[in-house]
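Enquirer: sequence and predicted model, in that order:
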Amino acid sequence: MFMGKVIGTVWSSVKWPELEGLKLLLVRPYSLGDLGVHADSPAPNDEGVVCADVLGAGIGEDVVIAYGHAARLAVAELLPDGAKPAVPIDAAVVAIVDRYAIAPE
Amino acid sequence: MFMGKVIGTVWSSVKWPELEGLKLLLVRPYSLGDLGVHADSPAPNDEGVVCADVLGAGIGEDVVIAYGHAARLAVAELLPDGAKPAVPIDAAVVAIVDRYAIAPE
Amino acid sequence: MFMGKVIGTVWSSVKWPELEGLKLLLVRPYSLGDLGVHADSPAPNDEGVVCADVLGAGIGEDVVIAYGHAARLAVAELLPDGAKPAVPIDAAVVAIVDRYAIAPE
Amino acid sequence: MFMGKVIGTVWSSVKWPELEGLKLLLVRPYSLGDLGVHADSPAPNDEGVVCADVLGAGIGEDVVIAYGHAARLAVAELLPDGAKPAVPIDAAVVAIVDRYAIAPE
Amino acid sequence: MFMGKVIGTVWSSVKWPELEGLKLLLVRPYSLGDLGVHADSPAPNDEGVVCADVLGAGIGEDVVIAYGHAARLAVAELLPDGAKPAVPIDAAVVAIVDRYAIAPE
């Protein structure tokens, strides 16, 4: 899993039926430099990840993202109509971060 | 999942029977710089992904791509002859993007 | 799998029920330069991984991390209430490192 | 999936029984620069992938490679003795490329 | 899969029961430059992979590594006590390389 910041939203009308009702967020993964580990870190991460969200994460919030089967498990559990392990996604928000602590090295 | 642009097509005559009838697209993943997040982003992403498509995405369109099991689920659902979870692909178009919004940081 | 150092902790109150009771650690993967393989290695790895831990790894300890199904197996085995293969995580501590040896090249 | 060029062969005598009879190829993934997308692309990709092949791809040919479960499906289907979903590989040739077209941007 | 060189060993006493008796090796993946493909390749790969090994690969040997389910299949097959598909690893040695050949480009 990785930690990132919700920076946007993606809308689609032509998509898989299983994706109906799933919000798609754009998340920017944090580098360790973003988290304050290396003071001289050069540039923020330049790759964005599109994630399904059913936890209600908002723009600007910090989230934990899981990939693959874990993402499908996460979405299946909370959708209104029960088990949907077959939803064609590979990334989802599994936690909204309250706080994190980094140990001084 | 990630967002990218359809930039090409790949043709093959020697391939797995399960791949018959599946269009293979070449997609260039967007970096966050491409999406306008970092004004000083240096260069576009240099890696292309070959994806199966049954949604009818056209050249130049923005799409959301999923990997792995999610890709096989996506293709199985919409092929004319029903369930084909055994199709040997690992990437597919799961949504055609209408619009996206990035929050100012 | 990869070897890394535990550098922090992540707390969340809005998360999947299956994640209750699982400690989430922030781990910095070691580069080979960090392990002494290349004397002139430029900079430490700048990506952090969020991992579930049920082995009790502490801040500053070296750990081995596995991804995907392996991570869910690892967590399922040691949780108090038995088999939970459905926990939505994709990375976990599978071993705490006592010692490693690198061969001179 | 990704597109690459077959550049070599790997031989092994100490290997898993399930790998007997499977040809192992070394494939160099194409960057978009290699495919003519960016005229000023700096350097070819420096990572090679070892892939199982049962389609008969030859040195110098362009191929499409799939990872993970897709690779095992691909190999299982064409091996003489039928279903071998348990073969311990994670990459395989799923198509030999006849032709590709890139849209001008 | 990828080809790499065994450069070290990792020991752990606090680990999953399923990992008992499995040797954990540290492997440095080869870049194509290491294999002689690009004469002007800048630097060796700086990421190490921790792999389970039951083939008896020694320090300095060239090996083929598979990830994910393939790694668990590989380990399950050769362990003394039969099927252990549930072992929490995600990388394993699947072949010891005798020889490889790269085609001149």
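Expert: On my side now, so go ahead.
Enquirer: tell me if the helix or strand containing A:R72 is near chain E.
Expert: Using DSSP states H and E, A:R72 sits within helix A:69-78. No: shown here: helix A:69-78 not in contact with chain E (CB under 8 Å from any CB of the partner chain), separated by at least 10.9 Å. (C-beta placed from N, C-alpha, C; glycine too.)
Enquirer: and the helix or strand of chain A with the lowest mean pLDDT, what's buried?
Expert: Taking mean pLDDT, DSSP states H and E as the measure, helix A:69-78 is the helix or strand of chain A with the lowest mean score, a mean of 82. Going by neighbour count (16 or more other CB atoms under 10 Å in any protein chain shown), the buried part of helix A:69-78 is A:H69, A:A70, A:A71, A:R72, A:L73, A:A74, A:V75, A:A76, A:E77.
Enquirer: save those residues as CSV, and put in distance to E:V63 too.
Expert: Shown next, in CSV, are the buried residues of helix A:69-78 (distance: CB to CB, whole Å):
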residue, distance to E:V63
A:H69, 27
A:A70, 29
A:A71, 31
A:R72, 33
A:L73, 33
A:A74, 35
A:V75, 37
A:A76, 38
A:E77, 39
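Enquirer: going by distance to B:G60, which of those residues wins?
Expert: Proximity of those to B:G60 (CB to CB) peaks at A:A71, which lies at 28.6 Å.
Enquirer: surely the closest one meets A:V64?
Expert: No: in this structure A:A71 lies outside contact range of A:V64 using CB atoms under 8 Å: 11.4 Å.
Enquirer: can you list residues touching both of those two?
Expert: A:V94 (CB atoms under 8 Å, 6 or more residues apart in numbering or on different chains).
Enquirer: the longest strand in chain A is where?
Expert: strand A:2-15 (DSSP state E).
Enquirer: how many neighbours does A:G33 have?
Expert: 18 (other CB atoms under 10 Å in any protein chain shown).
Enquirer: likewise the one 3 residues further on?
Expert: Residue neighbour count, defined by other CB under 10 Å, stands at 13 for A:G36.
Enquirer: for it, which non-adjacent residue is spatially closest?
Expert: A:I102 (6.0 Å; CB to CB, 6 or more residues apart in numbering or on different chains).
Enquirer: CA atoms only: put stretch A:88-97 into PDB for me.
Expert: Taking C-alpha atoms only, stretch A:88-97 is exported to PDB below (Å, rounded to 0.1, in the frame of the first residue of the first chain):
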ATOM      1  CA  PRO A  88     -13.000  -4.500 -12.700                       C
ATOM      2  CA  ILE A  89     -10.800  -2.100 -10.600                       C
ATOM      3  CA  ASP A  90      -7.200  -2.500  -9.400                       C
ATOM      4  CA  ALA A  91      -6.800   0.300  -6.900                       C
ATOM      5  CA  ALA A  92      -9.000   1.600  -4.100                       C
ATOM      6  CA  VAL A  93      -8.900   3.800  -1.000                       C
ATOM      7  CA  VAL A  94      -8.700   1.500   2.000                       C
ATOM      8  CA  ALA A  95      -8.100   4.100   4.800                       C
ATOM      9  CA  ILE A  96      -8.300   7.900   5.300                       C
ATOM     10  CA  VAL A  97      -5.200   9.000   7.200                       C
END
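Enquirer: do that stretch and chain B meet at all?
Expert: Yes: between stretch A:88-97 and chain B, judged by CB under 8 Å from any CB, the touching residues are A:P88, A:I89, A:D90, A:A91.
Enquirer: quick one: which helix or strand includes the first one?
Expert: So the one you mean is A:P88. Counting by DSSP H and E, A:P88 is part of no helix or strand.
Enquirer: for D:A92, see how far away it is.
Expert: Between A:P88 and D:A92 the distance is 22 Å, computed by CB to CB, to the nearest Å.
Enquirer: the two: who's more crowded?
Expert: Neighbour count, other CB under 10 Å: between A:P88 and D:A92, D:A92 has more, with 30 against 26.
Enquirer: ok, the closest residue to that one other than its chain neighbours to A:L24 distance?
Expert: In this structure, D:A92 finds its nearest non-sequential neighbour in D:A71, 3.7 Å apart by CB to CB, 6+ apart. Separation of D:A71 from A:L24 (CB to CB): 28 Å.
Enquirer: isn't A:Y30 up against C:G48?
Expert: Yes: under the criterion of CB under 8 Å, A:Y30 makes contact with C:G48 at 7.1 Å.
Enquirer: so what's A:I65 up against?
Expert: A:I65 touches A:1-4, A:27, A:29, A:49, A:51, A:71, A:91-94, counting by CB under 8 Å, 6+ apart.
Enquirer: check which helix or strand covers it.
Expert: For A:I65, the host element (DSSP H and E) is strand A:62-67.
Enquirer: low-confidence ranges, chain A, go.
Expert: Applying pLDDT under 70 to chain A picks out residues A:39-45, A:77-85, A:105.
Enquirer: and the residue of it nearest chain D?
Expert: A:G68 (9.6 Å; CB to the nearest CB).
Enquirer: what's the local residue count around that residue?
Expert: 23.
Enquirer: who is A:A95 paired with across the strands?
Expert: When assigned by DSSP bridges, A:A95 has beta-bridge partners A:V64, C:K15.
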